[in-house]
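Trainee: Structure for this input, please:
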Amino acid sequence: MTQPNFNFFTCSQGRDTEGKHMQQHTGWMCVFAFFALLAAADAQAPASPTVSMQFDGKYAFVSSTKVNETFMTTRTTHLSQCPDRKAASLVIANGQARLPVFEGTVGPQGELVMRRHAEPVKRGITPGIEAAISGRIDSNGTIRARQTGYGCSYDLIWQKQSK
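Mentor: Here you go, the predicted structure:
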C-alpha cells in the first residue's frame, strides 16, 4: 500500500491517491485548516480601542527639555541649533487629545499618541515637517511625553488643571 502524496500548500494530492474517498477527506481537511487559521488570526487581532474619559480635562504646560541640541538641515546640510519649545495647554475630551497643531487619542491606561501632519510645501522650497508626540498620563494627572520630528526632539510635561 502506497502513501498518498499530499501537498499541504495546494490542498491536493498527487497521482497515487486511493480514490474519491481520500479526496473527499482531504477536501474537508483543507476547509477545516482554512477556518482554523482564520480563527487563529482573528484571536490575535488587537482589541478595538475604547474611549476613556477618566483623563478628560485641561493640562497646563510645565516644561520642555531638548533631547538633542542640534540637527542637520536637509537643504543646506548645515548644523543648526534646536530652538527652545514652549507648548500650549493640552485639552483632552472624550479620549481625544488636542494641541494647536497636534491631535490624537488617549488609551484606557493613559497612553497618549498625537500626530501633526506634514505642513504643505511653503513657497516651493521647504518640504512639510511631520511630527509626533507619544507618552503616558500617570495617576497624578501628569503627562510625560516625547515629541519627535524632523530634526529636534523634546521631552514635554503637562499637569492636569481641571476636568
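Trainee: give the contact list for the residue nearest to residue 80 when sequence neighbours are not counted.
Mentor: Spatially, and ignoring its direct neighbours in sequence, residue 80 is nearest to residue 73 (5.5 Å; C-beta to C-beta, 6 or more residues apart in numbering). All C-beta atoms are positioned from the backbone trio N, CA, C, and that covers glycine. Residue 73 makes contact with 79-80, 151, according to C-beta atoms under 8 Å, 6 or more residues apart in numbering.
Trainee: For those residues, pick the one with the most neighbours.
Mentor: Counting neighbours by other C-beta atoms under 10 Å, residue 151 leads the contacts of residue 73 with 14 neighbours.
Trainee: How about that residue, nearest residue that isn't a chain neighbour?
Mentor: Closest to residue 151 by C-beta to C-beta, 6+ apart is residue 71, at 2.9 Å.
Trainee: Go ahead and confirm that neighbour touches residue 82.
Mentor: Yes - counting by C-beta atoms under 8 Å, residue 71 touches residue 82, with 6.0 Å between them.
Trainee: circling back: confidence score at the residue nearest to residue 80?
Mentor: Reported pLDDT at residue 73 in the predicted model: 72.
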